[in-house]
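Visitor: turn this into a structure:
(one chain, ligands or ions: 1)
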Amino acid sequence: MEGTFREQLFFLVLCLSVLKGDSRYIEDNDISTEGLFSLLNSELKRELPEELMYRRSLRCLDMVSVEGQFTFTADRPQFSCAAFFIAEPNEVISVEYDNVDIDCRGGDFIKVFDGWVMKGEKFPSSQDHPLPLSQRYVDYCDSSMTRRAVRSSQNVAMVFFRVQTAGSGFTLTVRRLTNPFPCNVISQTPEGTFTMVIPQQYRNCSFSIIYPVEVQVSDLSLGHLNDFPIQKSSLGCVEAGDFVELLGGSGVDTSKMITVADLCYSNSPVRMKIACDNTVVRMVSSGKFVNRVSFNYRLLDQQDLHRIRGNSVEDYCFSG
Ligand SMILES: *[C@@H]1O[C@H](CO)[C@@H](O)[C@H](O)[C@H]1NC(C)=O
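Guide: Model (predicted):
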């Protein structure tokens, strides 16, 4: 009972903060992770009808984790709305505009963002995303836009929209497509297993778990291309060029998070409790090798949380 009430409360706070946010810049949405995930949980309970494409209306603040058609119709002027989309880790999201009836000249817009923005922070961070920030927004109202479908680079995307005329709106068709080499991921669940592979690419990938969790890295293979193992150098992991880091923090931008541990040798399994709002497994890859890391994670229980958060005078949130 308590849990349900808490969820309702967060949802209410979430709605209120969006409603009063008209004058604020839309990206500074003050959305708590808990509020967001209670939306997600209610979304997961929906069943996809077998023969028909799933259809429902879109709310001004919404979370979508299934394929289908989503229609927004303004019942009154709506200045700052946002819909979050999430798919499985090995999928990307395609968003297609259908039946758009908005007043672009009058200031309405529909912008697809390649990633998520929460509390003003972006996932993936600008450093880890293949595209420059300006290209991660696709505005329907941009006259140079000829595409009618936008594809995300990872399993999350979002749509910001403003519709000021009652009765106006649009329909989005959302599809999930397979991604053979998922790089940046936000986990839908607080427990799971994942293997991240970076095949000889100069890039960094982050797996983000927006829950306090225990992470166990079970397998780590860096630079084992052609049986040529990376030298065990006396230098730290960072100097080695290829490594895995565990990060903890309260936002979603990995470049603003604290490094809990750097891993670059696969000699022993690593297990850590990270009682932060967001936990990230990030792999840094030089492009010289095929790098792989496997890990599993589970939600920390109340006892763990009390012990870790209770102990710390400063604002750190992890323990070995
Ligand atoms: C990956 O991250 C490392 C350290 O965080 C950084 O030095 C490097 O430039 C990054 N690589 C890319 C492709 O952004």
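Visitor: verify the stated contact: residue 259 with residue 249.
Guide: No. Assessed by Cβ atoms under 8 Å, residue 259 is found out of contact with residue 249, at 9.9 Å. No exception for glycine: its C-beta is placed from N, CA and C like everyone else's.
Visitor: higher neighbour count, those two?
Guide: Comparing residue 259 with residue 249 by other Cβ atoms under 10 Å, the one with more neighbours is residue 249, at 22 against 14.
Visitor: pLDDT value on that one, please?
Guide: Listed pLDDT for residue 249 reads 92.
Visitor: name the nearest residue to it, ignoring sequence neighbours.
Guide: Once flanking residues are discounted, residue 249 sits nearest to residue 257: 3.4 Å by Cβ to Cβ, 6 or more residues apart in numbering.
Visitor: ok, residue 191 next?
Guide: residue 298 (4.4 Å).
Visitor: for the helix or strand hosting that neighbour, what is the distance to the chain centroid?
Guide: Counting by DSSP states H and E, the element that carries residue 298 is strand 290-299. Distance of strand 290-299 from its chain centroid, counting by Cα atoms, centre = their mean, to the nearest Å, is 17 Å.
Visitor: give the pairing partners of that strand; include direction for each.
Guide: As defined by DSSP bridges, the strand partners of strand 290-299 come to strand 192-199 (antiparallel), strand 213-221 (antiparallel).
Visitor: could you show which parts of the chain are in contact with the ligand?
Guide: 127, 202, 203, 204, 284 (Cβ under 6 Å from any ligand atom).
Visitor: need the contact list for the closest residue to residue 136 other than its chain neighbours.
Guide: Excluding its sequence neighbours, the residue lying closest to residue 136 (Cβ to Cβ, 6+ apart) is residue 114, at 4.0 Å. Neighbour list for residue 114: 129, 131, 136, 137, 138, 150, 152, 153, 154, 157 [criterion: Cβ atoms under 8 Å, 6 or more residues apart in numbering].
Visitor: ditto for residue 245
Guide: Residue 245 makes contacts with 237, 259, 260, 261, 262, 263, 281, 282, 284, as judged by Cβ under 8 Å, 6+ apart.
Visitor: and the residue in the stretch 201-320 of the chain that the ligand sits nearest to, what element?
Guide: Per Cβ to the nearest ligand atom, the residue of the stretch 201-320 of the chain with the smallest distance to the ligand is residue 204, at 3.8 Å. Here residue 204 sits within strand 202-209, counting by DSSP H and E.
Visitor: again with residue 308
Guide: Going by DSSP H and E, residue 308 is part of helix 302-311.
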